[in-house]
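> Provided below for reference: sequence and predicted model.
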Amino acid sequence: MLRSSIRSRLLASLLVVALIAAGALSVYFLKELEGFALRKLEERLSAEAQVTSALLGSVYQETGGSPGSGGAVEPRVLDRALQEVSPKIASRIRVIDAHGRVVADSYTSKPTSEDYRRRREVEEALHDRYGAATRLLPDGHVALYVTAPIKARGRIVGATYASSTTFSIITLLRNYREKLVIVVVAFMITMLLLTEVFSRWLSAPLRELATGAAAFAQGNMSVRVTPRGARETRDVADAFNRMAAEVDAVMTELRAEERRKTRFVSDVSHELRTPLTAIRGAAETLLDGDVDQADAERFLSTIVRESDRLARLANDLLSLQRIEGATGELPLRRIDLAEIAARAVGALAPLLDEREIRVEVSGEGAKVLGDADRLQQVVANLVDNASRVSARGSTVRLELQREGRDVGLSVLDDGPGIPDDALPHLFERFFRAQPSRDRSTGGAGLGLSIAKAIVEAHAGRIEASNRAEGGCRFTVWLPMIEPDAPSEAAS
């Protein structure tokens with residue numbers, strides 16, 4: 001089935017509407033013109049019939065006869081009377097006696113013998129009533145007949161029958177056929193041109209919208225259309241732009257997620273390659289058999305160490321997957337952030353003592369809604385990292401503070417700080433800000449990524465910055481349950 005464009009449909013619709021409207025208006029105005037002509041003609045015929053009736057009534061009154069009665073009024077007298085009236089009257093006048101016979105005719109000296117009493121308008125006049133009738137003639141003209149009674153000595157002695165013809169719609173169309181054809185053709189050409197212009201104007205916004213949609217379907221996510229035209233068209237354009245913006249955002253996010261997944265797979269493969277290479281090399285050396293006891297123990301220690309490293313990497317990846325893939329199933333409860341900080345420091349006490357690192361906790365905590373074990377994991381990770389980069393005998397400080405409806409926990413160290421170009425990438429997977437910390441230390445570069453995922457799962461945020469006096473600051477912000485200290489104490 002052929003599909004027509006909206007412009008073609010608009011063109012056809014406007015043309016059909018214009019032709020129907022023009023035809024209907026033409027018929028209406030022609031009918032009105034015909035009716036007006038009939039009313040004017042009837043007024044004229046009525047006046048002529050009444051004047052003639054009055055004249056003939058005077059003739060009868062003077063002669064003492066009656067039309068067609070065989071009395072004093074003879075036909076020649078009536079003819080002479082009609083001849084006197086005819087120059088002033090443009091219509092045909094017939095004089096009818098009381099029996100319905102024509103006794104005088106302004107058009108002929110030999111009246112017809114037809115019985116006119118059968119005509120309703122004549123019967124009306126003979127009963128002293130106004131009579132009028134219209135009839136369509138074979139040639140298409142409209143004939144109008146008006147009668148008026150002739151009175152003499154107080155009685156009706158006959159009727160004056162005035163008639164004339166006028167045009168009708170049929171005669172107009174017939175007489176002006178060639179001119180009408182020219183007018184109709186000119187009208188159709190004009191309407192065709194006008195409807196073409198209007199259809200192009202009306203369909204232009206839709207064509208622009210169709211072009212934009214086609215470009216969008218071909219992958220141009222940045223395409224937008226300008227809302228213009230009718231209100232409905234503007235609404236469609238606005239809806240298209242909103243849809244395009246949403247799809248563009250979704251596609252951008254999908255592409256970014258695809259890049260993250262690709263980079264993640266690449267990073268995981270890179271992280272796995274080193275320990276697997278070390279394990280394979282040590283195992284192949286041991287398989288050769290020509291290894292002394294000390295080297296054999298060293299190669300076995302390498303296999304164990306790298307296996308442990310692979311296990312830690314797998315556990316970190318599983319933890320990260322569980323946290324990022326969580327859908328609200330975290331066991332949330334009311335906890336005090338100061339208690340979480342104290343628990344994390346207590347769990348790291350043996351390691352901190354070994355590194356000769358002191359930890360100071362200051363500030364006032366606040367109640368938050370969260371998973372105590374996960375938040376303790378975040379604090380422990382930050383304190384562990386701070387102790388790694390701090391010199392022996394130095395101090396790592398934990399500061400608790402409030403800002404608006406959030407509570408923050410900051411971990412400050414006296415280490416070398418973080419390069420400025422590394423700050424934006426600090427929480428990316430497998431990223432290491434300190435080149436000196438290679439993979440042999442056991443870290444996989446997932447600790448801060450896990451910490452960020454845990455904090456964001458608690459509707460919070462984590463920030464990192466360098467301190468002016470040296471070292472760096474990591475701050476975790478979480479929404480408080482009870483921002484006011486008095487109410488917290490009361491609870």
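Thanks, I have it. Numbering: from 1, shown residues only.
> ok now the helix or strand in which residue 192 is found, how far from the chain's centre?
Counting by DSSP states H and E, the element that carries residue 192 is helix 177-217. Centroid separation between helix 177-217 and its chain, computed with CA atoms, centre = their mean, to the nearest Å, is 24 Å.
> separation between residue 230 and residue 212?
Residue 230 sits at a distance of 17 Å from residue 212 (criterion: CB to CB, to the nearest Å). All C-beta spots, glycine's among them, are computed from the backbone N, C-alpha and C.
> who has more neighbours out of those two?
Here residue 230 and residue 212 are compared on neighbour count by other CB atoms under 10 Å; more neighbours surround residue 212, at 19 against 11.
> show me what contacts the more buried one?
223-225, 240, 244 (CB atoms under 8 Å, 6 or more residues apart in numbering).
> try 10 Å this time
Shown in contact with residue 212 (CB atoms under 10 Å, 6 or more residues apart in numbering): 220, 223-226, 237, 240-241, 244.
> setting the sequence-adjacent residues aside, check what's closest to residue 465.
residue 473 (5.4 Å; CB to CB, 6 or more residues apart in numbering).
> tell me the bridge partners for that neighbour.
Beta-bridge pairing for residue 473 (DSSP bridges): residue 412, residue 465.
> before we move on, back to that, and the contacts of residue 212 as JSON lines, adding neighbour count?
Converted to JSON lines, these look like this (neighbours: other CB atoms under 10 Å):
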{"residue": "220", "neighbour count": "12"}
{"residue": "223", "neighbour count": "18"}
{"residue": "224", "neighbour count": "13"}
{"residue": "225", "neighbour count": "22"}
{"residue": "226", "neighbour count": "12"}
{"residue": "237", "neighbour count": "21"}
{"residue": "240", "neighbour count": "18"}
{"residue": "241", "neighbour count": "17"}
{"residue": "244", "neighbour count": "19"}
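> pick the one among these closest to residue 111.
Nearest to residue 111 among the contacts of residue 212, counting by CB to CB, is residue 237 at 81.3 Å.
> did I read that right, the closest one in a strand?
No - the assignment for residue 237, made by DSSP: H, G, I helix; E, B strand; the rest coil, is helix rather than a strand.
> any idea how far the nearest residue to it once chain neighbours are set aside lies from residue 368?
Leaving out its chain neighbours, the residue that sits closest to residue 237 by CB to CB, 6+ apart is residue 227, at 3.9 Å. Relative to residue 368, residue 227 is positioned 46 Å away (CB to CB).
> quick one, which of those two is more surrounded?
Set side by side, residue 227 and residue 368 show more neighbours around residue 368, with 25 against 18, by other CB under 10 Å.
> beta partners of the more buried one?
Those that pair with residue 368 in a beta bridge, by DSSP bridges, are residue 335, residue 480.
> confirm for me that it is in contact with residue 332.
Yes - judged on CB atoms under 10 Å, residue 368 makes contact with residue 332 at a distance of 9.4 Å.
> quick one: contacts for the residue nearest the centre of the chain?
For the chain, residue 236 is the residue whose C-alpha lies nearest the centre (CA atoms, centre = their mean; 2.8 Å). By CB under 10 Å, 6+ apart, the residues touching residue 236 are 205-206, 209, 225, 227, 229-230.
> out of the residues you listed, who's nearest residue 413?
Set against residue 413, the nearest of the contacts of residue 236 by CB to CB is residue 225 (54.7 Å).
> for the closest one, which residues are in contact?
Contact partners of residue 225, counting by CB under 10 Å, 6+ apart, are 205, 208-213, 215-216, 233-234, 236-238, 240-241, 244.
> any buried residues in the strand or helix carrying residue 125, and which?
Following DSSP H and E, one finds residue 125 within helix 120-126. Residues 121-126 are the ones in helix 120-126 that count as buried (16 or more other CB atoms under 10 Å).
> and of those residues, the nearest to residue 266?
residue 121 (108.4 Å).
> shouldn't the closest one be in contact with residue 149?
No - the criterion here is CB under 10 Å, and residue 121 misses it with residue 149 at 11.5 Å.
> which neighbours do those two have in common?
Contacts common to residue 121 and residue 149, judged by CB under 10 Å, 6+ apart, are 129-131, 159.
> quick one, which of those residues are buried?
Those of the shared contacts of residue 121 and residue 149 that meet the buried threshold are 131, 159, by 16+ other CB under 10 Å.
> what is the nearest of the shared contacts of residue 121 and residue 149 to residue 179?
Among the shared contacts of residue 121 and residue 149, and counting by CB to CB, the member closest to residue 179 is residue 131, at 37.5 Å.
> gap between that closest one and residue 209?
69 Å.
> quick one: average confidence on whichever helix or strand residue 260 is part of?
Using DSSP H and E, the secondary-structure element containing residue 260 is helix 231-288. Regarding helix 231-288, the rounded mean pLDDT is 80.
> and the gap between residue 45 and residue 374?
Distance, residue 45 to residue 374, by CB to CB: 109 Å.
> out of those two, which sits in the more crowded spot?
A side-by-side neighbour count of residue 45 and residue 374, using other CB under 10 Å, places residue 45 first with 26 against 23.
> so which residues of the chain form helices?
6-63, 75-85, 120-126, 169-175, 177-217, 231-288, 293-324, 337-347, 349-355, 372-389, 447-457, 485-490 (DSSP state H).
> in terms of mean pLDDT, which of those helices ranks lowest?
helix 485-490 (a mean of 39).
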